[in-house]
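Student: Sequence and predicted structure are below.
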Amino acid sequence: MTGVPLSWYLILSAVLFALGVAGFLFRRNIITVFMSIELMLNAVNLSFITFSYQLRQVNGHIYSFFVMVVAAAEAAVGLAIILTVFRNRSTLNIDDVSSLKN
Amino acid sequence: MNFFLLSLIKAAVVAFVLLTTLAYLQWVERKVIAHIQVRMGPSRVGPHGLMQPLADVIKLITKEDLIPPYVNKFLYLAAPFLAITMALLSISVIPFGGGFSVFGDNTWMQLTDLNIGILFVLAVSSVGVYGIALAGWASNNKYSLLGGLRSSAQMISYELPLSLAIAAPLLLANTLSLRQLVTGQSGYYLGFIPRWNIFQGPMPQIFSFIIFLIAAFAETNRIPFDLPEAENELVAGYHTEYSSMKFAAFFMAEYANMVTVCSMTTTLFLGGWLPLWPESLGSSYLPSLVFLGAGAVALYHGLNPVRPRDRLTLPVVAAVFFLLAAIFLIPAGHAVLAPLFWFAAKTGTLLFVFIWVRGTLPRFRYDQLMGFAWKFLFPVAVVNLLVTGLMVAVFS
Amino acid sequence: MDVLLFLIFAAIAVVCGVNVVVQSHPISSAVSLIGVMGSLAVLYLLLGAEFIAAAQVIVYAGAIMVLFIFVIMLLNAGGETRRGRSFLAQLLGVPLLIAFLGLMAYFVQQLFPGAPVVHFGAFQGGTAQAVGRALFTQFLLPFEVVSVLILIAILGAVVLAQKEMD
């Protein structure tokens, strides 16, 4: 077989998304949690492009482009928030930023 | 299989020529800066210092390759590799000339023509920032970290005016492929003015050219924007802890970036491998005339030598130039060599401008550098793009 | 050839993805994430999305990850220290993960029985011209809204990160 079955791309996308979720739930460093979010967004982009190939339309590419732009905006603001948290708490561990918990 | 073999041969030729050019570009830079500063530059190792690059390579290879114990091993080794790979990669889409046929196969003087050629060059230069940032971090040294962060912040800040200055001639050319960019600049106005992008209506791209050149100086960390690697400010910046071949890799990466950026300027704004005036008015004799002139000057100075050694070396130089002039007169090789000559002449002139500026201008302070990028160059690039778009929309 | 390229770059993507989650120092996670993005760009090229592949490298790997790396280098907070893990989690974690992913792969495969096969070059509609045309005609409103979104993000980042003025 000279081509790759489409389901393989979707499986790869699912695997990367699952890895992103695992990182998001189990890591304690804020920046690593943030990077797991970016990993999830990349997995979703791969899904969009795969379906765009299947339906022979360019719309999936456009949605993927918008996801990238939103990820850029989110990264900028999120990192600014992380900087502010670090400046005030001197820690990057999300377990230590829990003063609103009772 | 034929295509594969042909591509392999082209890649080998381009790689060999590029690496030799990088080595001798350093010789040219040292000689030119020396003459600007009224001294001689390298002149001992071989005639006129021509063996100096070889001596430098041997020195760098045989130096002790020290990996300090306190560095982050993986990133320390990966950073120069990344820098030099990305610097050499972008030469693969630059068109050096037109089509020609070798052993019956028609091919182009370009390694590969992507239909997103410009985006490929931008992508490769974006990833090249990592070589410097990771080198600064991995060295575990505050001077390196500071130099690396400053240098990468400067490079990503100037990528914005660079991309906007690239986008303006793309509005005129309607394509992202570099080969079609060059072929779209062929033809002449009034019979003798070339339709290069800096002259092309409805909006001559002079401002884009200037913005691109300024942003290119900053992208390649050249004076006046080279504070992050200034010796007297930051020890040596991000390559303080590097020795021997890894240090050589960073230097080669800087010169390769210079060559890439000058080639991109030539392709985008100066018409690539197209001649300055039409063939019908005799531009095909220019290469031979230039080499004849150079040979004549060398012969004159060889016959009235300033130093006794020149009586031997300069006539040999003159003979080489006369030989090149004769080669350019052969009509068989002319179709292949003339576009190469024009491309090399334009790129060489821009490289000379880079070296000239290095010998002439002082360097910017870091806050002046960043303020210039964000407060002046970026708005000017945006306005330039808007005006170009307006002219294209109204007049076509 | 397509299968070989897919397998190589999918393997690189998965290994780098695991590395993002597993490494203790955020710099190593960031470099692995760049590896994931690079291999995904190659996979986009295999799917015919050349503009999105270039945009992925320029925007994601070349700008967003540089921002991450800057923040990690500036904060310099060091690696994460592990705080107590239950023995059951360590024993069952990886086998359960592999079982779950295998089950998911099986279901995805069953959902698309007569699935089309991806050939390199079969989809020619991912050029910059096609994307640009769709972006400026059919998706013009989202495009303009997203530019305002970026402006808001820039303002927010500048306000949040500036030094306090006394």
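Tutor: Yes, it's here.
Student: list the buried ones in stretch B:319-336?
Tutor: Residues B:321-322, B:324-325, B:328, B:334 are the ones in stretch B:319-336 that count as buried (16 or more other CB atoms under 10 Å in any protein chain shown). Backbone N, C-alpha and C define where each C-beta goes, glycine included.
Student: and if you look at stretch B:184-193?
Tutor: Using 16+ other CB under 10 Å as the test for burial, stretch B:184-193 gives B:184-186, B:188.
Student: Tell me which entries of the residues you listed lie within helices.
Tutor: Among the buried residues of stretch B:184-193, no member falls in helices (DSSP state H).
Student: May I have the helix or strand where B:M370 lies as CSV, with CA atoms only?
Tutor: Assigned by DSSP states H and E, B:M370 belongs to helix B:366-371. This file holds the C-alpha atoms of helix B:366-371, laid out as CSV (Å, rounded to 0.1, in the frame of the first residue of the first chain):
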residue,chain,number,x,y,z
TYR,B,366,20.6,47.6,23.3
ASP,B,367,17.7,49.8,24.3
GLN,B,368,18.3,52.1,21.2
LEU,B,369,18.3,48.9,19.1
MET,B,370,15.0,47.6,20.4
GLY,B,371,13.4,51.0,20.4
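Student: and the stretch 151-300 of chain B, which residues reach chain C?
Tutor: B:152-153, B:156, B:176 (CB under 8 Å from any CB of the partner chain).
Student: Name the member of the residues you listed with the most neighbours.
Tutor: When neighbours are counted as other CB atoms under 10 Å in any protein chain shown, the busiest of those turns out to be B:S152, with 26 neighbours.
Student: can you pull out the strands in chain A?
Tutor: A:4-5 (DSSP state E).
Student: which sections of it are below the confidence cut-off?
Tutor: Applying pLDDT under 70 to chain A picks out residues A:1.
Student: mind checking which helix or strand the spatially closest residue to A:L19 that is not a sequence neighbour is in?
Tutor: Nearest non-adjacent residue to A:L19, counting by CB to CB, 6 or more residues apart in numbering or on different chains: C:G17, 4.4 Å away. Element membership for C:G17, per DSSP H and E: helix C:2-22.
Student: Distance from the chain centre to that helix, please.
Tutor: Taking CA atoms, centre = their mean, to the nearest Å, one finds the center of helix C:2-22 at 12 Å from the center of the full chain.
Student: element containing the residue lying closest to B:C262 once chain neighbours are set aside, please.
Tutor: In this structure, B:C262 finds its nearest non-sequential neighbour in B:L350, 4.0 Å apart by CB to CB, 6+ apart. According to DSSP H and E, B:L350 maps onto helix B:331-360.
Student: For that helix, name the packing helices and strands.
Tutor: helix B:2-36, helix B:206-219, helix B:244-269, helix B:286-303, helix B:310-329 (3 or more CB pairs under 8 Å, 6 or more residues apart in numbering or on different chains; DSSP states H and E).
Student: which parts of the shortest one are buried?
Tutor: Residues of helix B:206-219 classed as buried under the neighbour-count rule (16+ other CB under 10 Å) are B:207-219.
Student: circling back: quick one: buried residues of the next helix or strand after the helix holding B:M370?
Tutor: The helix or strand immediately downstream of helix B:366-371 is helix B:378-395, counting by DSSP H and E. Using 16+ other CB under 10 Å as the test for burial, helix B:378-395 gives B:378, B:380-381, B:384-385, B:388, B:391-392.
Student: Could you find the closest non-adjacent residue to the residue most central in space within chain C?
Tutor: Chain C has C:M37 as the residue nearest its centroid, 5.1 Å off, counting by CA atoms, centre = their mean. Spatial nearest neighbour of C:M37, excluding adjacent residues (CB to CB, 6+ apart): C:A61 at 4.3 Å.
Student: list the contacts for that neighbour?
Tutor: Applying CB atoms under 8 Å, 6 or more residues apart in numbering or on different chains, we find C:A61 in contact with B:126-127, C:34, C:37-38, C:41.
Student: Helices of chain A, start to end?
Tutor: For chain A, the helices defined by DSSP H cover A:6-26, A:30-55, A:59-89.
Student: May I see the buried residues of the longest one?
Tutor: Neighbour-count burial for helix A:59-89, with 16+ other CB under 10 Å as criterion, is recorded at A:60-66, A:68-69, A:71-83, A:85-86.
Student: go on, the shortest one?
Tutor: Judged by neighbour count using 16+ other CB under 10 Å, the buried positions of helix A:6-26 are A:6-24.
Student: ok so, going back, the helices and strands packed on helix B:331-360 into JSON lines, with extra columns for mean pLDDT?
Tutor: Formatted as JSON lines, the helices and strands packed on helix B:331-360 follow (pLDDT from 0 to 100):
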{"stretch": "helix B:2-36", "mean pLDDT": "91"}
{"stretch": "helix B:206-219", "mean pLDDT": "94"}
{"stretch": "helix B:244-269", "mean pLDDT": "90"}
{"stretch": "helix B:286-303", "mean pLDDT": "87"}
{"stretch": "helix B:310-329", "mean pLDDT": "85"}
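Student: For these, please prepare TSV with the additional fields distance to B:L340.
Tutor: Shown next, in TSV, are the helices and strands packed on helix B:331-360 (distance: least, CB to CB, whole Å):
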stretch	distance to B:L340
helix B:2-36	10
helix B:206-219	22
helix B:244-269	12
helix B:286-303	9
helix B:310-329	10
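Student: Tell me which of those helices lies nearest to A:I49.
Tutor: Closest of these to A:I49 is helix B:2-36, at 27.8 Å (criterion: CB to CB).
Student: And that closest one, what does it pack against?
Tutor: Packed against helix B:2-36 by the contact rule (3+ CB pairs under 8 Å, 6+ apart) you find helix B:52-62, strand B:105-108, helix B:244-269, helix B:331-360.
Student: The last one vs helix B:2-36, what angle?
Tutor: In this structure, helix B:331-360 runs at an angle of 40 degrees to helix B:2-36, with axes from the mean of the first three to the mean of the last three CA atoms, to 10 degrees as the basis.
Student: what's the angle between helix B:331-360 and helix B:244-269?
Tutor: Angle, helix B:331-360 to helix B:244-269, by the same axes, to 10 degrees: 110 degrees.
Student: shaky segments in chain C?
Tutor: Low-confidence segments of chain C (pLDDT under 70): C:82-85, C:113-115, C:164-166.
Student: 80 - rerun?
Tutor: Counting by pLDDT under 80, chain C has low-confidence residues at C:77-94, C:108-109, C:111-116, C:163-166.
Student: Where is the longest helix in it?
Tutor: Secondary structure of chain C per DSSP H: the longest helix is helix C:87-111.
Student: What residues of that helix count as buried?
Tutor: Quick answer for helix C:87-111 (16+ other CB under 10 Å): C:101, C:104-105, C:108.
Student: quick one: which of those is nearest chain B?
Tutor: The shortest approach to chain B among the buried residues of helix C:87-111 belongs to C:L101, at 27.5 Å (CB to the nearest CB).
Student: Quick check: that closest one touching A:L16?
Tutor: No. The pair C:L101 and A:L16 does not pass the contact test of CB atoms under 8 Å, sitting 10.6 Å apart.
Student: Enumerate the residues of chain A near chain B.
Tutor: So chain A never meets chain B (CB under 8 Å from any CB).
Student: contacting residues around C:I69?
Tutor: Counted by CB under 8 Å, 6+ apart, C:I69 has contacts B:130, B:133-134, B:137, C:27, C:30.
Student: Among those residues, which one has the most neighbours?
Tutor: B:L134 (28 neighbours).
Student: Verify the contact between it and B:F81 for me.
Tutor: No. B:L134 is beyond contact range of B:F81, at 10.1 Å (criterion: CB under 8 Å).
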